[in-house]
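Engineer: Whatever this is, show me its structure:
(chains A and B)
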Amino acid sequence: DAKTTQPNSMESNEEEPVHLPCNHSTISGTDYIHWYRQLPSQGPEYVIHGLTSNVNNRMASLAIAEDRKSSTLILHRATLRDAAVYYCILRDVPPLSSGSARQLTFGSGTQLTVLP
Amino acid sequence: GAGVSQSPSNKVTEKGKDVELRCDPISGHTALYWYRQRLGQGLEFLIYFQGNSAPDKSGLPSDRFSAERTGESVSTLTIQRTQQEDSAVYLCASSSRGQGSTGELFFGEGSRLTVL
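Structural biologist: Numbering: from 1, shown residues only, chains lettered A, B, ... in the order given. So this is what the prediction gives:
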């Protein structure tokens, strides 16, 4: 799996937008960009994913660079409950007919601290 | 149940004892993953099951670790002759490879293992 690079930590003020960057310069054409987050003492949870176009959902927005070598997770109004480790992951989902097993590799992620 | 269920949630054992950790995936999910997360560290891939395909065991750290899965249901991770360095949270995740699936992983709350 192609690797991703994220800052170790970021801080944000409550109710302000947060832009979490991710570099993935070796991304392949079939890699989806996934974001997960892990709140303290919990398992990771899915946030958002995309392939080429920017994506929005109830949790966040994902902005993908035109060359796909980087992406940014956007939390529009950070709350204290958004404090977590955010993981950017590339996932090549093989065709249904493929029997290959594909692991999902998590990097060290970005620790987001939200200040009241 | 609605989510991935893991048991026990906490396990304290003595060095040298064997432990079994159980994971009940979301019904209908064909893929199942085990990860290990040491205190303050990222997720470390252990093993991946996909339907009837041979599991990807490439992440198992030693032959003391093994995992089984019955069909597309319950999985058990077994650690024999536990060592103190095995202390960690063991996370299980499942995902669907159904038509149109994005491969989103759903994680359980984890099993916290402490080896004294």
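Engineer: Below-threshold pLDDT in chain A: ranges please.
Structural biologist: Under the criterion of pLDDT under 70, the regions of chain A flagged as low confidence span A:1-2, A:93-104.
Engineer: tell me the centre residue of it?
Structural biologist: In chain A, the centroid-proximal residue (Cα atoms, centre = their mean) is A:W35; its distance is 2.6 Å.
Engineer: the strands in the chain, which residues?
Structural biologist: Defaulting to chain A. Under the criterion DSSP state E, chain A carries strands at the ranges A:9-13, A:18-23, A:31-38, A:45-50, A:55-56, A:61-64, A:70-75, A:84-92, A:110-115.
Engineer: I was thinking of chain B, sorry if that wasn't clear
Structural biologist: When assigned using DSSP E, the strands of chain B occupy the ranges B:5-7, B:10-13, B:19-24, B:31-37, B:44-50, B:65-69, B:75-79, B:88-95, B:106-107, B:111-115.
Engineer: so what's B:Q37 bridging to?
Structural biologist: As for beta bridges, B:Q37 partners with B:V89 under DSSP bridges.
Engineer: from memory it sits against B:S87, does it?
Structural biologist: No - with contact defined as Cβ atoms under 8 Å, B:Q37 does not count as touching B:S87 (10.9 Å). No exception for glycine: its C-beta is placed from N, CA and C like everyone else's.
Engineer: How about the contacts made by residue 35?
Structural biologist: No chain specified, so I'll use chain A. With contact taken as Cβ atoms under 8 Å, 6 or more residues apart in numbering or on different chains, A:W35 is in contact with A:20, A:22, A:46-49, A:60, A:62, A:73, A:86-89.
Engineer: actually it's chain B I care about, not the one you picked
Structural biologist: In this structure, B:Y35 makes contact with A:106, B:43-46, B:90-93, judged by Cβ under 8 Å, 6+ apart.
Engineer: coming back round to it: nearest spatial neighbour of the residue nearest to the centre of chain A, skipping sequence neighbours?
Structural biologist: On the basis of Cβ to Cβ, 6 or more residues apart in numbering or on different chains, the spatially nearest residue to A:W35 that is not a chain neighbour turns out to be A:V47, at 4.2 Å.
Engineer: show me the contacts for that neighbour.
Structural biologist: The contact partners of A:V47, taken as Cβ under 8 Å, 6+ apart, are A:35-37, A:59-60, A:73, A:86.
Engineer: from those residues, which would you call buried?
Structural biologist: Among the contacts of A:V47, those that count as buried by neighbour count (16 or more other Cβ atoms under 10 Å in any protein chain shown) are A:35-37, A:60, A:73, A:86.
Engineer: biggest separation within those, which pair?
Structural biologist: Of all pairs drawn from the buried ones among the contacts of A:V47, the greatest distance, 11.3 Å, lies between A:Y36 and A:A60 (Cβ to Cβ).
Engineer: The spatially most central residue of chain B: what's its closest spatial neighbour, skipping adjacent residues?
Structural biologist: When Cα atoms, centre = their mean is applied to chain B, the residue found nearest the centroid is B:W34 (3.0 Å). The shortest distance from B:W34 to any residue other than its chain neighbours is 4.2 Å, reached at B:L46 (Cβ to Cβ, 6+ apart).
Engineer: Can you give me the distance of that neighbour to B:K11?
Structural biologist: Applying Cβ to Cβ, to the nearest Å, one obtains 16 Å for the distance of B:L46 from B:K11.
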